[in-house]
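Colleague: build the 3D model from these lines:
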Amino acid sequence: MPSTDSSSLDAPVSISRRPNSGTGHYQEGQMIPNKVFVRYVPDLFTHLDICRIFRDYGTILKCELLPPAPHNAGYNGGSAFILYETIAEAEAAISALNGLVVPNVDQNDGTFRPKELQVMTARQRGPGIKDAKIIIRGMPEDWRTKQAIVTFFQQFGQIEACDLINTENYAKYPMAFVTFNLRKSAEAAVLSCQTLHPNPTSGVPAGLVVTHSRKWAPKTRHGR
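Modeller: Predicted coordinates for the structure are as follows:
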């Protein structure tokens with residue numbers, strides 16, 4: 001597993017400003033081979049923290065840090081986009097840094113919970129891939145693994161990430177986040193689970209609640 005070098009992280013960061021470094025010629029959802037997407041960035045990470053991790057793999061043309069949405073703060077973290085000069089540089093960064101464990105402090109209970117970065121090729125953003133995340137609650141006992149959740153929800157589309165939340169506050173009633181590659185897949189999952197009558201044929205267990213994650217606000221130590 002790769003690890004960060006504290007001495008290298010203290011060095012200055014420079015980002016090249018080259019003409020024609022945009023990605024506007026890609027269609028929505030299309031892969032951008034020289035651009036990297038990073039998921040699960042710790043809440044306290046800064047723009048420089050991300051740049052310092054990724055600069056060793058090539059010339060960075062643009063580095064963008066997106067803070068976590070209010071309903072995801074302390075759980076899934078933020079995200080980042082890094083645009084490299086070449087495809088080979090982006091591929092090298094993905095190969096070396098996907099799965100990198102970085103320090104993180106849970107903002108909900110103050111405990112140390114390291115995060116594992118998920119690094120992949122970025123896709124051109126647009127309304128069709130926005131709000132593609134759902135939250136699942138009311139799961140039966142045999143659903144409380146990532147594999148069980150993915151097995152059911154993959155029928156609605158390509159799943160990019162699945163996160164099971166079973167921290168101390170949610171040990172009795174865990175929940176899960178599923179991120180699809182397209183918003184229409186998330187909408188199909190929500191609609192199907194709301195309209196299908198719970199039975200063995202439909203596969204929807206009684207008590208299951210599936211909603212868009214943007215409509216959910218997490219509990220805090222001081223209540224909602």
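
Colleague: could you chop the protein up by domain?
Modeller: Using automatic domain parsing, the domain ranges for the chain come out as 6-125, 128-215.

Colleague: want to throw those into a markdown table with mean neighbour count and mean pLDDT?
Modeller: Where C-beta positions appear, they are placed from N, C-alpha and C, glycine not excepted. A markdown table is the format used below for the domains of the chain (neighbours: other CB atoms under 10 Å; pLDDT from 0 to 100):
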| stretch | mean neighbour count | mean pLDDT |
| --- | --- | --- |
| domain 6-125 | 16 | 80 |
| domain 128-215 | 16 | 83 |
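
Colleague: contact partners of the helix ranked longest in the chain?
Modeller: Counting by DSSP state H, the longest helix found in the chain is helix 183-195. Residues external to helix 183-195 that are found in contact with it (CB atoms under 8 Å, 6 or more residues apart in numbering): 127-134, 153, 156-158, 178, 180, 204, 208-212.

Colleague: now do 6 Å
Modeller: Outside helix 183-195, the residues that touch it by CB atoms under 6 Å, 6 or more residues apart in numbering are 128, 131, 132, 134, 153, 156, 157, 180, 204, 210.

Colleague: what of stretch 141-155?
Modeller: With contacts defined as CB under 6 Å, 6+ apart, stretch 141-155 is touched by 159, 162, 164, 174, 176, 178, 189.

Colleague: any idea how far apart the tips of it sit?
Modeller: Between the opening and closing residues of stretch 141-155 we find a distance of 21 Å, counting by CA to CA, to the nearest Å.

Colleague: report the distance from that stretch to the chain centre.
Modeller: A distance of 18 Å separates the C-alpha centroid of stretch 141-155 from that of its chain, computed with CA atoms, centre = their mean, to the nearest Å.

Colleague: check stretch 136-147 too.
Modeller: That offset, for stretch 136-147, works out to 19 Å (CA atoms, centre = their mean).

Colleague: swap in stretch 94-109?
Modeller: Using CA atoms, centre = their mean, we find the averaged C-alpha position of stretch 94-109 to lie 11 Å away from the chain's own average C-alpha position.

Colleague: redo the contacts of stretch 141-155 as CSV? Include secondary structure and distance to residue 89.
Modeller: Listed next are these as CSV, based on DSSP: H, G, I helix; E, B strand; the rest coil; distance: CB to CB, whole Å:
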residue, secondary structure, distance to residue 89
159, strand, 28
162, strand, 29
164, strand, 33
174, coil, 39
176, strand, 34
178, strand, 31
189, helix, 36
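
Colleague: kindly reformat the residues you listed as JSON lines containing distance to residue 97.
Modeller: JSON lines is the format used below for these (distance: CB to CB, whole Å):
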{"residue": "159", "distance to residue 97": "21"}
{"residue": "162", "distance to residue 97": "20"}
{"residue": "164", "distance to residue 97": "23"}
{"residue": "174", "distance to residue 97": "29"}
{"residue": "176", "distance to residue 97": "25"}
{"residue": "178", "distance to residue 97": "24"}
{"residue": "189", "distance to residue 97": "30"}
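
Colleague: residue 50 falls within a helix, correct?
Modeller: Yes. Secondary structure assignment places residue 50 in a helix (DSSP: H, G, I helix; E, B strand; the rest coil).
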